[in-house]
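Participant: sequence first, predicted model second:
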Amino acid sequence: MMDELTREFLIESQEGLDRMERCLTELEERPDDAGLIGDIFRSVHTIKGTTGFLGFKRLEKLAHAGENLLGMLREGKLRADGPITTGLLELMDGLRSILRTIEAQDSEGDGHDNVLIGRLEELQAPALAPAKHARAAAGSGSAQSAKEKTPAAAIETPAGPTSSSIGPSSAQAPATVEDAPAAEAPTSGEKAVSEKPGPESASESGKSRTQAGGSAAESTLRVDVTLLNRMMNLVGELVLTRNQVLQATAADPNLTLLSRRLDMVTADLRESVMKARMQPVSNIFSKMPRIVRDLSQSLGRKVRLQMEGQETELDKSLLEAIKDPLTHAVRNSLDHGIEPPDVRTAAGKDPEGTLRLRAMQEGSHVVIEVADDGAGIGVERVRAKAIERGLITADRASLLVERELLQLIFLPGFSTAAAVTNVSGRGVGMDVVKTNVEKIGGKVEIDSRPGKGTTLRLRIPLTLAIIPALIVRSVQQSFALPQGALSELVHVPPEQAEALIEWMEGAPLYRLRGKLLPLVFLDRLLMPHADHKPSTERDNFIAVLNADGRQFGLVVDGLADPEEIVVKPLSTVLKNIGLYSGATVLGNADLALILDPGSIALRAGVTMSSSEEEGRDAEVEAGSETASSMDYLLVEVADRQAAIPLVDVLRIEQLKVSRIEYIGYRPVLNFDGQLLPVEDSGGVLAAVAGDPEAQVIVVVCREGNRHVGIAVSHVLDVAAGGDLFEAGTSARAGSVTLLKSRVTGVVNLGGVPPLPVEETADSEWNQCSNGMVEAAQ
Amino acid sequence: MSTHAVAINRKEKSAVAMVEMCSVRLGKTLFGVPITHILEIVGGARPQPIPLAPPYVGGLVHYRGDVLTTVSLRHVLEMPPADGSQDLLVLESGGGCFGLLVDSVGEVLTVSSATYEPNPSILDERRRALFAGAYKLKDTLLVMLDPERLDPIRLESMRSESMRPGSAQAA
């Protein structure tokens, strides 16, 4: 069993090496940055110092050799050119592998590092001659202060390539020496962090953050991840208990205040614990410069790496999960995307390619973008390869359009690389990226323009443990449907079921805005042998789901309110059923199984139709036009189109106009005792006021902490909107958006005036509107 | 033979030990579960049914922040389902925790390991795989249930093996 000290040492050393790795890649750009060299020196020095009294001789020897080289760099006797950086990277790898051995076997292993040590010493050769003079001046070194001791030790090494170089000075080097180089670093004339203005400044901010990290160390604490997981579980439990308490005490005014407090504290606590699990994506981004450096060297590419949004945070477990997919994506961009310099020059491009890694938060998702300015994906080559590898028949391939062809690269076993290299081309690639990202509830989108480059977007949910879900009812049970997969809900009352649900030789279909949507009846899927009420004798709610590119409608008997659910894992036996991704406890203490839309689609045999594919890709394309685009519900109000931000839309109600009531002149809707002000600026209600049987559509939206309704004539579509900028300024025009290439006005939800409560003397009205506000909170 | 039974056999040889068993009544038989394997006894459990789950699964219950898969002892023993509410034993096994649904839980009995005997050879094969022998009480037998043998994962492998013709022997 490893002792506490060693474990601590391993963790610290790993962190030191991570820091070193970051600095080394920066060192390539700024070989004269003394601050960077000082940082690297400190990392290696700390390792060496600690191994001294832990007794890891092999590690000490290697670290010592590295330290000598770094010492010379620090004193300005050497310049950190290409070979030296390579040498230092090898040193880092060497140290890492010994640390790994220690972690696994609690000993350093039998290997020796003479070759590497020899190389490190060779690299010092040009500086040797002056070093000897310095030695004469400095004396034996062992009695000197810690500050001067290290350089002295550095000079002793070149004497011989073997262990004899571990002189008394290094063996004695106590851990307290750590601070000395820090004090020394600025003396070499340059500032520790050189803030160069220019195109690099974006990634620079990330760097200065990491460098500032040292001082923050005292106010931070290492916490075991299992403890955090446990805390997350308990908080989840508390959330459930809170939900139950809130439901149970809703009727009791004495408890309202208390339960409101409980609600608030729970929400705060939950947020704090979630935050504790968050880590900046820089944790994985920081690995990329090294990967890009090594790969571009071995592939003969010139690549500039730009990283943005490193401070974006993501749950630790998710961060771990996307590490490999992201590395894959970066490798792919270098291998298949960015062309060799001569090809680029011939194409009139900068011989140095650009790989851009960008992380940003978009609502409840984090988007990580890997964009290169390479050749793009040649769809004809994709077609040929897919046929060659037998992934698709030639007949079928000839029918596919460009967008569909692009999706082929996500098929298992696909690779366009002409030869199998050690970088990629083994047919393990994009499908792994896709499956891994989808496993954690994320999505992968790809956009490629020939000659311009390829952009891969990984869309990752912020957290796994607590997700918003819609509670649906079927077979007398509640089920949770993750909101992420849900795009809209359609209500088909029993009297309309006959007309609206069409059957094509046993296959139920619904016309959703003119397109056929395959339907899956949840009750028939779950209980294939039982008798079920036909849809003409019960309410049908169609949940339009998007799962792995398949769109289908899941028909359930009833809907309950959306809830934030805490995902509880299922036992293996139940997971193997394949339809449920977990279970949760609802506010009313009932258990509900969480449905997995992807598996339902598979089980029901829903596949991707080509028209869907096209639509989906068109959306992706529209989405990638501008980074800040968002989805809108496109509606028609009195012959004019308008857009409502989709995030604010709660549901769409189709109802008889007679259900609309009026307070003074204000139309309102009474929903289970909750009053909803209805905005009718388009005169939709007024137009049908004479006919009490007429149907109107009300889009129920969230505005701040209240709900409002917008009366519309038709709901047309859901589309991604682009930002519009006022000509000549960079000010975003807030009230309009670019939707399907048309400038469309965005409905101002905040402009819907609050209910005129003072006009209603009746106290019952007051209660109702209060109830609504409470519910909204 | 399960590890537990082995342990008991060994004890029998060395010295007479007293074992505490939680008694469980199901139909006419008295069963016993060693209390060392019981985490909690929950009365009046209402498990949530799971559509398409294997038949022996009695449903899901919420237990201290986790969702437990339950095994219906009635179903395992091929008895008709119970009418009223059932009691739930939360058991610990190698594969984790699971719930065992029984008609009612009785008192804790202290039995001597000297009265233990392994499964009789005439017991049908399925029951031989489920039971871990019996303790001879004064007036009746206390049939020993071993949580390891009732673990849903093991039941699942038993089921899939029995569904494969020709390999039933292996179970």
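Facilitator: The structure has been received and is ready for your questions. Numbers count the residues shown, from 1 in each chain, chains lettered A, B, ... in the order given.
Participant: could you report the neighbour count for B:Gly96?
Facilitator: 15 (other Cβ atoms under 10 Å in any protein chain shown). Using the backbone N, CA and C atoms, a C-beta is placed for each residue, glycine as well.
Participant: which ones are touching it?
Facilitator: A:Ser571 (Cβ atoms under 8 Å, 6 or more residues apart in numbering or on different chains).
Participant: now it: how far from A:Arg457?
Facilitator: To A:Arg457, B:Gly96 is 38 Å away according to Cβ to Cβ, to the nearest Å.
Participant: check A:His64 too.
Facilitator: 46 Å.
Participant: look at the two and report which has more neighbours.
Facilitator: Taking other Cβ under 10 Å, A:His64 and A:Arg457 do not tie; A:His64 has more neighbours (28 against 21).
Participant: and that one, that one's in a strand?
Facilitator: No. A:His64: not assigned to a strand; according to DSSP: H, G, I helix; E, B strand; the rest coil it is helix.
Participant: mind checking the SS state of residue 111?
Facilitator: If you meant another chain, say so; for now it's chain A. A:Gly111 ends up coil, using three-state DSSP.
Participant: could you find the closest non-adjacent residue to it?
Facilitator: A:Arg58 (7.4 Å; Cβ to Cβ, 6 or more residues apart in numbering or on different chains).
Participant: ramachandran angles for the one you found?
Facilitator: Here is the backbone geometry of A:Arg58 (degrees, to the nearest 10): phi -60, psi -40.
Participant: Provide a list of residues in contact with it.
Facilitator: A:Arg58 neighbours (Cβ under 8 Å, 6+ apart): A:Ile98, A:Glu108, A:Gly109, A:Gly111, A:His112, A:Asp113.
Participant: cool, and B:Ile35?
Facilitator: B:Ile35 neighbours (Cβ under 8 Å, 6+ apart): B:Glu20, B:Met21, B:Cys22, B:Val108.
Participant: residue of the stretch 351-500 of chain A nearest chain B, please.
Facilitator: Nearest residue of the stretch 351-500 of chain A to chain B: A:Val475, at 6.2 Å (Cβ to the nearest Cβ).
Participant: quick check, that residue in contact with A:Asp523.
Facilitator: Yes. Counting by Cβ atoms under 8 Å, A:Val475 does reach A:Asp523; the two are 5.1 Å apart.
Participant: need the residues touching each of those two.
Facilitator: By Cβ under 8 Å, 6+ apart, the residues touching both A:Val475 and A:Asp523 are A:Ala530.
Participant: close to chain B: what parts of the stretch 451-600 of chain A are there?
Facilitator: Taking Cβ under 8 Å from any Cβ of the partner chain, the part of the stretch 451-600 of chain A that reaches chain B is made up of A:475, A:477, A:526-527, A:568-574, A:576-577, A:579-580, A:582-585, A:589-593.
Participant: are any of these buried, and which?
Facilitator: A:475, A:477, A:526, A:568, A:570-571, A:573-574, A:577, A:579-580, A:582-585, A:591-593 (16 or more other Cβ atoms under 10 Å in any protein chain shown).
Participant: on the pLDDT front, check the residue of the stretch 351-500 of chain A closest to chain B for me.
Facilitator: Note on A:Val475: pLDDT of 88.
Participant: residues touching it, list them.
Facilitator: Per Cβ under 8 Å, 6+ apart, neighbours of A:Val475: A:Leu522, A:Asp523, A:Leu526, A:Met527, A:Ala530, B:Pro51.
Participant: please verify my assumption that the fourth one contacts B:Ala53.
Facilitator: No. Distance between A:Met527 and B:Ala53: 11.6 Å, which falls outside the contact criterion (Cβ under 8 Å).
Participant: for stretch A:245-253, give me every contacting residue.
Facilitator: A:Leu255, A:Thr256, A:Leu258, A:Ser259, A:Leu262, A:Asp263, A:Gly587, A:Asn588.
Participant: what does A:Ser487 show for phi and psi?
Facilitator: phi -110, psi -30.
Participant: tell me the centre residue of chain B?
Facilitator: B:Leu145 (3.9 Å; Cα atoms, centre = their mean).
Participant: and the contacts of B:Ile35, which is closest to chain A?
Facilitator: After measuring the contacts of B:Ile35 against chain A - Cβ to the nearest Cβ - the closest member comes out as B:Cys22, at 22.6 Å.
Participant: which of the contacts of B:Ile35 count as buried?
Facilitator: Judged by 16+ other Cβ under 10 Å, buried ones among the contacts of B:Ile35: B:Met21, B:Cys22.
Participant: let me have the contacts of B:Ile35 in TSV, adding secondary structure as columns.
Facilitator: Supplementary listing: the contacts of B:Ile35 in TSV, determined by three-state DSSP:
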residue	secondary structure
B:Glu20	strand
B:Met21	strand
B:Cys22	strand
B:Val108	strand
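Participant: which SSE is A:Leu269 in?
Facilitator: Using DSSP states H and E, A:Leu269 sits within helix A:253-276.
Participant: where does chain B dip in pLDDT?
Facilitator: B:1-15, B:65, B:163-171 (pLDDT under 70).
Participant: which parts of chain B sit against chain A?
Facilitator: B:48-54, B:57, B:60-62, B:64-69, B:95-96, B:98, B:152-153, B:155-156.
Participant: A:Val433 contacts A:Thr327, doesn't it?
Facilitator: No. Contact criterion Cβ under 8 Å: A:Val433 and A:Thr327 do not qualify, at 9.4 Å.
Participant: isn't the residue nearest to the centre of chain B right up against B:Phe131?
Facilitator: Yes. The criterion here is Cβ under 8 Å, and B:Leu145 meets it with B:Phe131 at 6.8 Å.
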